[in-house]
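Visitor: fold the following, please.
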Amino acid sequence: MKKHITTVISWVIVLWICKVFLFSLPYKFSGHPDTQHIFGTIGLWMQDVLSPGIGDWFIQYGAYTVGSVELIASAILLSPLLFALFAKLGFIQFPPQRELLHSIYDRSSLLSFSHPVRYRGVA
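Guide: Modelled structure (predicted):
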């Protein structure tokens, strides 16, 4: 029962994070005025605190960089669904476990070496 609750909570958190990340991407990649204001303000602060060059770079490319990282993070967080689909279709035999890709671990199974690690079908 505990493992089922942990799995459900993990997926709720993952789906919420991905919703926030993916729904903000159009604003980051389209040059929306609100996004320009936010990253411009942070860039001006960075000019004063770190260096003018870093601040200027962040004003120009910060939204694209943050958006790209959010897109990659969402893909990694949603990858267990893709692996499960590939396993169901027979493309892969041993998909990685969700616990290895999400941050919620069962300490007893993660720290114990009683479970063999499968790599390409070899235990």
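
Visitor: next one: the closest residue to residue 70 other than its chain neighbours from residue 92, what distance?
Guide: Closest residue in space to residue 70, ignoring its immediate chain neighbours: residue 21 at 4.0 Å, by Cβ to Cβ, 6 or more residues apart in numbering. Yep, even glycine has a C-beta here, placed from its N, CA and C like the rest. Residue 21 sits 26 Å away from residue 92, going by Cβ to Cβ, to the nearest Å.

Visitor: and these two? Which one has more around it.
Guide: residue 21 (20 against 15; other Cβ atoms under 10 Å).

Visitor: what residues are up against that one?
Guide: 70-71, 73-74 (Cβ atoms under 8 Å, 6 or more residues apart in numbering).

Visitor: any chance you could map the helices in this protein?
Guide: For the chain, the helices defined by DSSP state H cover 2-30, 33-49, 52-89, 98-101, 107-111.

Visitor: rank these by mean pLDDT and give me the bottom one.
Guide: Among the helices of the chain, helix 107-111 has the lowest mean pLDDT, at a mean of 49.

Visitor: about what we covered before: taking the contacts of residue 21, tell me the two that lie furthest apart.
Guide: Largest separation among these by Cβ to Cβ: 71 and 73, giving 7.3 Å.

Visitor: so between these two, which is more surrounded?
Guide: The neighbour count for residue 71 versus residue 73, taken as other Cβ under 10 Å, is higher for residue 71 (16 against 13).

Visitor: from residue 85, how far out is the nearest residue to residue 36 once chain neighbours are set aside?
Guide: Nearest non-adjacent residue to residue 36, counting by Cβ to Cβ, 6+ apart: residue 63, 7.5 Å away. Relative to residue 85, residue 63 is positioned 32 Å away (Cβ to Cβ).

Visitor: those two: which has the busier surroundings?
Guide: Remark: of residue 63 and residue 85, residue 63 carries more neighbours, 25 against 12, as counted by other Cβ under 10 Å.

Visitor: OK, contacts around the residue nearest to residue 36?
Guide: Applying Cβ under 8 Å, 6+ apart, the residues contacting residue 63 are 28-29, 31, 35-36, 39.
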